[in-house]
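Asker: Generate a structure from the sequence data that follows.
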Amino acid sequence: MAPKTPPLFLILTLLSLLSLTFFYLHSTTTPPPPPTPTNALSVAQNSIRVYVSPLPRSLNYGLLEKYWALTSDTRVGSEVDNEIRITLLPKLSPKSLPYPENPIIKQYSAEYWILGDLLAPHELKRESFVKRVLDSKEADVVFVPFFATLSAELQLIINKSVFRKRVEENEDYTRQRAVVDLVKKSEAWRKSGGRDHVFVVTDPVAMWHVKDEIAPAVLLVVDFGGWYRLDSKTSNDSSSDLTIHHTQVSLLKDVIVPYTHLLPTLHISENKKRHTLLYFKGAKHRHRTGLVREKLWDLLVNEDGVIIEEGFPNATGKEQSINGMRSSEFCLHPAGDTPTSCRLFDAIQSLCIPVIVSDSVELPFEGMVDYLEFSVFVSVSDAMKPDWLVSHLRSYSDEQKDRFRKNMAKVQQIFQYENGHPGGIGPANLDGAVNYIWKKVYQKLPIIKEAVTRERRKPSGVSVPLRCHCT
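Answerer: The predicted model follows:
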């Protein structure tokens with residue numbers, strides 16, 4: 001007698017159980033598929049590759065030699081450098097010259113520390129976010145090592161009268177012209193139209209005469225305050241178009257970098273009781289957006305618990321600022337000639353809670369740093385109401401202020417440039433300003449690559465109009 005055939009529903013049930021078992025085992029033990037080539041880049045590449053454009057030494061460290069060779073500088077804040085010329089320089093080699101200590105210049109020293117890090121020996125930079133490459137074809141971006149701030153400040157010392165003129169006597173203009181001409185002749189610039197080139201333009205007057213020509217590049221700036229209009233006196237040509245298009249600078253392509261702080265760092269363990277509510281030291285009368293400062297000054301100068309005083313960046317002013325910021329709960333940060341200033345970063349290093357009254361302010365490393373965790377933002381309209389600002393600041397509890405300071409202490413090193421190496425040539429702090437700047441540039445790479453691709457496909461003789469420089 002033939003065996004009975006199992007019922008159909010029993011066979012189907014067994015097959016279903018086997019399929020479910022196989023799916024469960026496969027889904028829990030099999031590793032995920034490897035990333036696609038597009039994803040592989042974001043997973044594997046944890047650094048940015050930078051090629052340093054081969055400019056002559058006269059356009060960077062040669063400018064340092066020229067600066068320190070001056071017999072003296074009579075401008076405010078120059079006393080410290082005049083002293084260095086007498087006491088320290090005779091002991092230094094030309095390869096270990098410091099950046100000027102004059103606060104007017106030092107606050108813009110990013111150019112010195114960024115290049116010094118790139119020139120550090122490779123074996124000392126294995127963990128650094130930025131990797132220098134020796135072939136521009138292998139690079140993500142091309143760094144242009146021009147000390148633009150130092151060039152401008154030298155001209156202001158030597159012959160200020162020609163600073164805004166495009167004449168041979170203006171050595172700063174001659175240097176700007178040389179940099180742009182050299183870079184534009186390179187194969188790297190021709191391939192990208194300059195969109196993957198990086199310039200440090202921290203001083204508002206740096207690269208003054210060639211801003212329109214470097215506008216396609218990635219610009220490292222402290223803010224956008226100096227980029228909106230060219231004074232008619234800056235040009236001796238007959239052009240009527242003296243406006244710098246606002247789209248030549250943009251958060252899409254450019255990077256806001258910190259000023260170099262001028263006051264020493266106060267660690268949270270050294271913090272003491274603060275007896276002043278609000279502190280500000282600086283010049284009352286400024287230009288443009290600085291009108292806000294004048295009005296705030298008049299509103300606050302006679303308030304209890306508030307210290308508002310005129311001050312200059314000399315040795316005496318520095319000591320007063322150290323004492324004032326370290327003994328105050330809040331430090332006022334109103335707009336000046338530009339929307340921001342190094343005062344903000346001095347406040348952070350002093351653990352003095354910044355009170356930012358500047359509606360158009362742009363800040364470094366946003367998206368990486370949350371300023372609301374340690375700063376107070378106030379609109380200009382609110383700040384201008386009598387008694388409003390002081391009342392608002394008094395409403396913060398001791399617990400809230402302590403939390404602000406603890407959060408501030410966590411980010412102090414992010415805004416520090418110095419690396420402690422002679423001549424500034426050495427690896428930057430891994431969690432310091434230089435590496436964070438390159439991390440922000442790295443975030444721009446997809447936009448840069450898209451802009452370069454668009455530039456390459458254009459027929460010969462066709463250029464991207466100015467309105468597209470923001471991308």
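
Asker: Could you pull up the residues touching the residue lying closest to I158 once chain neighbours are set aside?
Answerer: Using Cβ to Cβ, 6 or more residues apart in numbering and skipping the chain neighbours, the partner closest in space to I158 is E171 (7.2 Å). For glycine as for every other residue, the C-beta is placed from the backbone atoms N, C-alpha and C. Each residue near E171 by Cβ atoms under 8 Å, 6 or more residues apart in numbering is listed here: S151, L154, Q155, I158, N159.

Asker: Backbone dihedrals for E171, both of them.
Answerer: phi -60, psi -30 (degrees, to the nearest 10).

Asker: re the thing from before, of the contacts of E171, select the buried ones using a PyMOL command.
Answerer: Here is the PyMOL command that selects the buried residues among the contacts of E171 (16 or more other Cβ atoms under 10 Å):
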select buried, resi 151+154+155+158
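
Asker: Distance to A433 and secondary structure added to the contacts of E171, as CSV?
Answerer: Shown next, in CSV, are these (distance: Cβ to Cβ, whole Å; DSSP: H, G, I helix; E, B strand; the rest coil):
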residue, distance to A433, secondary structure
S151, 22, helix
L154, 24, helix
Q155, 26, helix
I158, 30, helix
N159, 33, coil
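
Asker: quick one: K165 and V180, what's the gap?
Answerer: Separation of K165 from V180 (Cβ to Cβ, to the nearest Å): 17 Å.

Asker: what separates P339 from K131, distance-wise?
Answerer: 33 Å.

Asker: Ok, K95 next?
Answerer: In terms of Cβ to Cβ, K95 sits 23 Å off from K131.

Asker: all strands of the stretch 251-400 of the chain, in order?
Answerer: Listed in chain order, the strands of the stretch 251-400 of the chain (DSSP state E, counting those that start in this stretch) span 255-256, 276-282, 306-310, 328-334, 353-357, 376-377.

Asker: Which among the ones you listed is found nearest to V142?
Answerer: Nearest to V142 among the strands of the stretch 251-400 of the chain is strand 255-256 (14.9 Å), distances taken as Cβ to Cβ.

Asker: Tell me which other helices or strands that closest one touches.
Answerer: Contacts defined by 3 or more Cβ pairs under 8 Å, 6 or more residues apart in numbering; DSSP states H and E place strand 255-256 against strand 218-221, helix 433-443.

Asker: Report the mean per-residue pLDDT for the longest one.
Answerer: Mean per-residue pLDDT for helix 433-443: 97.

Asker: likewise the shortest one?
Answerer: For strand 218-221, the mean per-residue pLDDT is 96.

Asker: what about the residue lying closest to I322 once chain neighbours are set aside, neighbour count?
Answerer: Of all residues not flanking I322 in the chain, L263 sits nearest, at 5.4 Å (Cβ to Cβ, 6+ apart). Close neighbours of L263, defined as other Cβ atoms under 10 Å, add up to 22.

Asker: Report the separation between L263 and A347.
Answerer: 9 Å.

Asker: Of the strands of the stretch 251-400 of the chain, which stretch is the most buried?
Answerer: A comparison of the strands of the stretch 251-400 of the chain by mean neighbour count, using mean count of other Cβ atoms under 10 Å, puts strand 328-334 on top with a mean of 26.

Asker: Just the residues contacting it, thanks.
Answerer: The contact list for strand 328-334, computed with Cβ under 8 Å, 6+ apart, reads 274, 276-280, 290, 292-293, 296, 300, 307-308, 325, 340-341, 343-344, 346-347, 350, 352-358, 376, 383, 393, 396, 401.

Asker: I'd like to know which helix or strand in this protein has the lowest mean pLDDT.
Answerer: Every helix and strand of the chain was ranked by mean pLDDT, DSSP states H and E. The lowest is helix 37-44, at a mean of 33.

Asker: Might you list the low-confidence residue ranges for the protein?
Answerer: For the chain, residues meeting the criterion pLDDT under 70 lie at 1-45, 226-248, 286-290, 313, 463-471.

Asker: Show me the residue at the heart of it, geometrically.
Answerer: For the chain, V257 is the residue whose C-alpha lies nearest the centre (Cα atoms, centre = their mean; 0.8 Å).

Asker: wait, doesn't L63 sit right on S151?
Answerer: Yes - using Cβ atoms under 8 Å, L63 is in contact with S151, at 5.8 Å.

Asker: gap between S395 and F330?
Answerer: S395 sits 12 Å away from F330, going by Cβ to Cβ.

Asker: Isn't V222 up against T260?
Answerer: No - using Cβ under 8 Å, V222 makes no contact with T260, being 9.7 Å away.

Asker: Which neighbours do these two have in common?
Answerer: Common neighbours of V222 and T260 (criterion: Cβ under 8 Å, 6+ apart): Y108.

Asker: just to revisit the earlier point, among the strands of the stretch 251-400 of the chain, single out whichever gets nearest to L430.
Answerer: Between L430 and the strands of the stretch 251-400 of the chain, the shortest gap by Cβ to Cβ is with strand 255-256, which sits at 18.4 Å.

Asker: Now do the closest one: everything it contacts.
Answerer: By Cβ under 8 Å, 6+ apart, strand 255-256 touches 218-223, 362-366, 437, 440-441, 444.

Asker: and the gap between the residue nearest to I158 and I214?
Answerer: 19 Å.

Asker: swap in C331?
Answerer: To I214, C331 is 34 Å away according to Cβ to Cβ.

Asker: Same check on L88?
Answerer: Between L88 and I214 the distance is 35 Å, computed by Cβ to Cβ.

Asker: okay, those two: which has more neighbours?
Answerer: Taking neighbours as other Cβ under 10 Å, L88 and I214 compare with I214 leading, 23 against 14.

Asker: Leaving aside the residues adjacent along the chain, what's closest to the more buried one?
Answerer: Excluding the flanking residues, the one nearest I214 by Cβ to Cβ, 6+ apart is F199, at 5.5 Å.

Asker: burial count for that neighbour?
Answerer: Using other Cβ under 10 Å, F199 has 27 other residues around it.

Asker: strands paired with the helix or strand harbouring it, and their directions?
Answerer: Assigned by DSSP states H and E, F199 belongs to strand 197-200. Paired neighbours of strand 197-200 in the sheet (DSSP bridges): strand 141-143 (parallel), strand 218-221 (parallel).

Asker: Output these in a markdown table; the columns should cover mean neighbour count.
Answerer: Compiled in a markdown table, the strands paired with strand 197-200 are given as follows (neighbours: other Cβ atoms under 10 Å):
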| stretch | mean neighbour count |
| --- | --- |
| strand 141-143 | 23 |
| strand 218-221 | 24 |
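
Asker: closest one to L59 among those?
Answerer: Distance to L59, taken as Cβ to Cβ, is lowest for strand 141-143 among the strands paired with strand 197-200, at 12.9 Å.

Asker: how near is C352 to C331?
Answerer: From C352 across to C331, the span is 4 Å (Cβ to Cβ).
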